Every structure is written in structure tokens, then in C-alpha cells.
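> Give me coordinates for this.
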Amino acid sequence: MSIIQARLLDIGYGATPIIQGLSFAPPAGQVTALIGPNGCGKSTLLKAFARILKPAKGELTLDGQAYAGLSARDLARKVAFLPQVLPIPEGVSVRQLVAYGRSPHNSLWGRLSGADRSQVAAAMQRMELDGLADRALADLSGGQRQRVWLAMVLAQDADVVLLDEPTTYLDISHQVELLDLMRELAAQGKTVITVLHDINQACRYADHLAIMHSGKLVADGAPEAVITAERVRQVFDVQVQILREPVAGTPMCVVERSTRGGTGAG
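Numbering: from 1, shown residues only. All right, here's what the predicted structure looks like:
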């Protein structure tokens with residue numbers, strides 16, 4: 001069970017600052033959902049956790065060790081990242097792409113062991129890809145490709161799983177399957193950090209919410225502790241009623257109207 005900690009991070013793209021002075025420690029072994037309006041820094045923070053972006057200031061640590069002291073291989077063994085925009089490599093089959101998830105664990109020569117092959121097979125079975133194993137990734141639909149990339153992340157078997165808008169391209173059935181999968185990973189002791197746009201999905205499936213706005217962490221905690229009508233109005237510019245979700249009993253936002261451009265837009 002690995003612990004990521006961010007201390008006073010400043011992150012941006014070139015001279016454009018996105019995140020300023022952010023400190024955050026997602027709880028280990030739980031599902032944390034990053035929520036907030038477009039452009040608030042959710043994906044930027046996730047990329048910093050994956051060491052794709054280097055903070056201009058501040059420090060990131062994994063299990064107490066500074067990111068700067070971790071080799072790429074060591075980090076990949078502990079942290080798996082599924083980005084928002086996924087490439088479509090030509091000539092790569094479904095099975096081959098899922099097997100790439102075992103690269104951080106492979107021998108020097110990159111050969112799969114029996115345990116590696118078992119991990120790949122289990123990941124493909126979990127994402128219902130057995131019938132597509134020999135198909136080229138480029139020939140699949142967007143939803144099917146998303147499931148293949150998710151299987152690769154599962155095969156990687158990292159302690160920390162970072163998912164940037166993972167429900168994109170998925171129909172409602174596969175969205176629910178993915179959200180259930182996040183719960184399974186947390187039950188196995190993995191730390192899951194995901195960007196979600198659907199507040200109600202985040203409240204139902206995440207243990208912990210981190211609400212971001214304008215590059216800052218506005219609030220974090222259990223959904224019932226941080227989701228209020230006033231906070232949703234301030235962050236998302238919508239007036240809502242907070243009800244109890246009838247199945248899970250978690251907070252559910254019912255939108256009344258947009259406050260953008262009107263009185264009390266905050």
C-alpha cells in the first residue's frame with residue numbers, strides 16, 4: 001500500500017501556471033476522485049503524480065522517497081497511469097498491448113515469465129477481451145480500445161493506479177464495470193486516484209473527494225463531508241439540491257439551474 005504526498009506544488013505549462021501552492025495526500029488503499037470544472041488542474045495534478053509533468057516548485061514523494069530519487073522502472077512498478085488521450089499504435093494486437101503492462105517487471109531481455117503471462121491473461125479476462133486477443137488495436141472501437149488500455153494497467157499490478165477520465169468512450173454498462181473495478185482495486189489495498197466529471201458517480205464510488213478550482217484544492221474528504229449546495233455553486237456555477245442517492249445512500253446533486261452569468265455566480 002503506497003502513499004503519495006504533494007507539498008506546496010506549483011505546476012504549469014511553460015510560463016502558464018495551472019496549480020499553485022497545492023498540498024495533498026490521497027489516502028492509501030482508497031478511491032480518490034478529483035473533481036472540479038474544466039481547466040482547474042485535475043489532469044495536471046494527475047500527470048505530476050505520474051511524473052509526466054515536473055513541478056516548478058514543491059515536492060512529491062512516494063512512500064517517503066522523493067520522486068527525483070526514483071528510477072523510471074521503480075516508479076512504473078509502483079504507479080500505473082492511464083491518460084485521457086490514448087495513442088493507437090499501428091500493428092499492435094490486444095494481447096501485445098496488455099502484455100506491455102508487465103514491462104516494469106520483466107527481465108533484462110523483456111521476456112514474459114509464466115507469472116507475467118498469467119497476469120496478462122487475468123487482466124484480459126477481467127476486461128472481457130478474450131475474444132479480441134488477436135485483433136489489432138487500431139481496428140477496435142473507442143470503447144473497446146479503452147478497455148484494452150485498462151487491461152494493460154491491470155496487468156501492470158502497481159500499488160497506485162492513476163486514471164484520467166477513464167469512463168470516456170464507455171457505454172453505461174462498461175462505465176459501471178469500471179467504477180466497480182476501482183472499488184475492487186481499493187479492496188485489494190491499491191490506491192486509486194481518478195479524474196471524474198460526473199459528481200454523482202464520484203460521490204457513489206469514491207471513498208474520498210478532492211475538489212479543485214482555479215488550480216487550488218478547495219476541499220477534500222468523504223463525499224458527505226465536502227459536497228454541499230453552496231460549495232457546488234461556488235465551484236461549478238450551478239444551483240443544486242443535495243439528496244440521498246436511493247441505492248447507495250451517498251450524496252446526489254440534482255441541478256436546478258446554472259448560475260453562470262447570473263446573480264450569485266461566485
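> Test my guess that residue 40 contacts residue 210.
No. Applying C-beta atoms under 8 Å as the test, residue 40 and residue 210 come out as separate, 10.8 Å apart. From N, CA and C alone the C-beta is placed, and that goes for glycine too.
> Give me the common contacts of these two.
By C-beta atoms under 8 Å, 6 or more residues apart in numbering, residue 40 and residue 210 have no common neighbours.
> can you pull the contacts of residue 239?
229, 233, 255, 256, 257, 258, 259.
> what's the spacing between it and residue 232?
Counting by C-beta to C-beta, to the nearest Å, the separation of residue 239 from residue 232 is 8 Å.
> OK, contacts around residue 219?
209, 210, 211, 226, 231.
> centre of the chain versus stretch 162-170, how much separation?
From the chain centre to the centre of stretch 162-170 is a distance of 7 Å (C-alpha atoms, centre = their mean, to the nearest Å).
> Same check on stretch 166-174?
Computed by C-alpha atoms, centre = their mean, the chain-centroid distance of stretch 166-174 equals 14 Å.
> Only the buried residues of that stretch, if you could.
For stretch 166-174, the neighbour count (16 or more other C-beta atoms under 10 Å) marks 166, 167, 169, 170, 174 as buried.
> With stretch 247-261 instead?
250, 251, 252, 253, 259.
> so which of these would you say is closest to residue 12?
Of all the buried residues of stretch 247-261, the one with the least separation from residue 12 (C-beta to C-beta) is residue 259, at 28.6 Å.
> Confirm for me that that closest one is in contact with residue 234.
No. Using C-beta under 8 Å, residue 259 is not in contact with residue 234, being 9.3 Å away.
> On the three-state scheme, residue 163 is what?
Under the three-state scheme (DSSP: H, G, I helix; E, B strand; the rest coil), the conformation of residue 163 reads as strand.
> my guess is it contacts residue 192, does it?
Yes. In terms of C-beta under 8 Å, residue 163 counts as a neighbour of residue 192; the distance is 7.0 Å.
> Give me the common contacts of the two.
By the contact definition C-beta under 8 Å, 6+ apart, residue 163 and residue 192 are jointly contacted by residue 182.
> Just give the nearest non-adjacent residue to residue 200, would you?
Take residue 200 and drop its neighbours on the chain: the residue closest to it by C-beta to C-beta, 6 or more residues apart in numbering is residue 252, 5.2 Å away.
> domain parsing for the protein?
Structural domains of the chain, as assigned by automatic domain parsing, span the residue ranges 4-227, 228-266.
> just flag whichever of those domains has the lowest average confidence.
For the domains of the chain, the bottom mean pLDDT is recorded on domain 228-266, which sits at a mean of 87.
> and it, how far out from the chain's middle?
Centre-to-centre, domain 228-266 and its host chain are 23 Å apart (C-alpha atoms, centre = their mean).
> repeat for stretch 55-65
Relative to the chain's own centre, stretch 55-65 is displaced by 19 Å; criterion: C-alpha atoms, centre = their mean.
> residues touching residue 105, list them.
Counting by C-beta under 8 Å, 6+ apart, residue 105 makes contact with 77, 116, 157.
> So the first one sits against residue 104, correct?
Yes. Taking C-beta under 8 Å as the definition, residue 77 is a contact partner of residue 104 at 4.5 Å.
> quick one, helices of the stretch 51-200 of the chain?
Counting by DSSP state H, counting those that start in this stretch, residue ranges of the helices within the stretch 51-200 of the chain are 72-78, 94-100, 114-126, 142-156, 172-187, 199-205.
> Throw these into TSV and include distance to residue 31, thanks.
Below are these laid out as TSV (distance: least, C-beta to C-beta, whole Å):
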stretch	distance to residue 31
helix 72-78	17
helix 94-100	23
helix 114-126	17
helix 142-156	14
helix 172-187	5
helix 199-205	6
